[in-house]
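Chemist: 3D, please:
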Amino acid sequence: MSAHQTAVIAGCGDLGTEAALRFADLGYRVVGLRRRAELLPAPIEGRSTDLRHDVPEIDADTAVVVVALAAGSRDPDEYRATYVDGLRNVLDGIDRSEARPRIVVVSSTAVYDVSDGSEVTEDTPAAGGTPTARVLVEAEALLRERAPGAVLLRLSGIYGPGRERLIDQVRSGSARLAPADASSPHTNRIHRDDASSAIVHLATLDDPAPTYLGTDDEPVRLDDVLRFLADELGVPTPEHGPASDRQAGGDKRLSNALLRSTGFTFRYPTFREGYRAVLAGEGASHR
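Modeler: Here you go, the predicted model:
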């Protein structure tokens, strides 16, 4: 890689910023696109733009474009403006430039409408069982139509520094185990640092597949995570009962075998290592 190659991160929130810093460590010049570019840390070159409405300028020497957009709410119209319109504007910017970059687009495993606890791979049909998931499927279809060679990375639930909702629920006593006569759903997660590492890995990989699942090694029942966190925090195990905020992602066991087959290694292979790092205060949020 030439030291003069540029990586553009379209959507430089927490995940995009962490990925941007890793590209910079590899010697890339990194341009970060977000609404408030002044919030970006050095050495990222920030450009203020609202990708929901603006077509960004893509420099001719751009070797990588990462699209890591994040909607501000779960309103389907906000989702469409962010994930569909935002992606279209980034692709328009690439088309208007002389660059022919590797494109990596972050999506979500929410596109899989699976609730029977079965295993999910890249070959599982992405049906989109909720209004927001259907918007993500729409964005993925746009990507395939416009940029057939792009890499799609579907991430499971991201946790890490500043993403501590589950920890806060256990600590406060508001978390609830499934009713005693029911099983809690399987959940799937990935530490933000592993998610950002996967983005960089796929952006620099020879001959990648079209789609990868980004998730750690261990699908796990939500109750097992809650018990683990209670133990680590030294607080009482949550009680059984109907939770006001039960897992909304169905019940599925995601496989990371394809990602692993590329040589990718996880710093936090399961929720245990990852949450222990979060509880120890390791890493920083870029929000």
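
Chemist: Show me where the stretch 101-250 of the chain dips below the pLDDT cut-off.
Modeler: Scanning the stretch 101-250 of the chain for pLDDT under 70 picks out 243-249.

Chemist: Tell me where it has helices.
Modeler: All helices of the stretch 101-250 of the chain, identified by DSSP state H, counting those that start in this stretch, fall at 131-146, 165-172, 192-203, 222-233.

Chemist: show me what contacts His4?
Modeler: His4 makes contacts with 29, 61, as judged by CB atoms under 8 Å, 6 or more residues apart in numbering. C-beta coordinates here come from the backbone N, C-alpha and C atoms, glycine included.

Chemist: and with 6 Å instead?
Modeler: If you count contacts by CB atoms under 6 Å, 6 or more residues apart in numbering, His4 has none.

Chemist: list the contacts for Val104?
Modeler: By CB under 6 Å, 6+ apart, the contact set of Val104 is 66, 151, 199, 202-203.

Chemist: Where neighbours are concerned, which of those has the most?
Modeler: Highest neighbour count within the contacts of Val104, by other CB atoms under 10 Å: Val66, with 32 neighbours.

Chemist: That residue and Arg146, how far apart?
Modeler: Distance check for Val66 against Arg146: by CB to CB, to the nearest Å, it reads 16 Å.

Chemist: wait, isn't Pro131 in contact with Asp77?
Modeler: No. With contact defined as CB atoms under 6 Å, Pro131 and Asp77 do not form a contacting pair (9.7 Å).

Chemist: Give the buried residues for stretch 119-131.
Modeler: Going by neighbour count (16 or more other CB atoms under 10 Å), the buried part of stretch 119-131 is 120, 122, 124, 126, 128-130.

Chemist: before we move on, what about stretch 275-287?
Modeler: Here stretch 275-287 shows 275, 277-278, 286 as buried, counting by 16+ other CB under 10 Å.

Chemist: Mind telling me which residue is nearest the centre of this protein?
Modeler: For the chain, the residue nearest the mean C-alpha position is Leu155 (4.4 Å; CA atoms, centre = their mean).

Chemist: mind listing the strands for the stretch 51-200 of the chain?
Modeler: With DSSP state E, counting those that start in this stretch as the criterion, the stretch 51-200 of the chain has strands at 62-67, 102-108, 119-120, 151-155, 157-159, 176-177, 186-187, 189-191.

Chemist: Would you list the strands that the second one pairs with, along with their directions?
Modeler: Here strand 102-108 has these sheet partners by DSSP bridges: strand 62-67 (parallel), strand 151-155 (parallel).

Chemist: The fifth one now?
Modeler: With DSSP bridges as the criterion, the sheet partners recorded for strand 157-159 are strand 189-191 (parallel).

Chemist: Name the residues that touch the partner strand?
Modeler: With CB under 6 Å, 6+ apart as the test, strand 189-191 has contacts from 155-160, 214-216, 268, 271, 274.

Chemist: repeat that with 8 Å
Modeler: 155-160, 198, 214-216, 266-268, 271, 274, 277.

Chemist: Same question for stretch 125-136.
Modeler: Contacts to stretch 125-136, defined as CB under 8 Å, 6+ apart, come from residues 71, 74, 76, 79-80, 83-84, 107-108, 110-113, 115, 137, 140, 248, 250.

Chemist: and it, how far out from the chain's middle?
Modeler: How far stretch 125-136 lies from its chain's middle: 16 Å, per CA atoms, centre = their mean, to the nearest Å.
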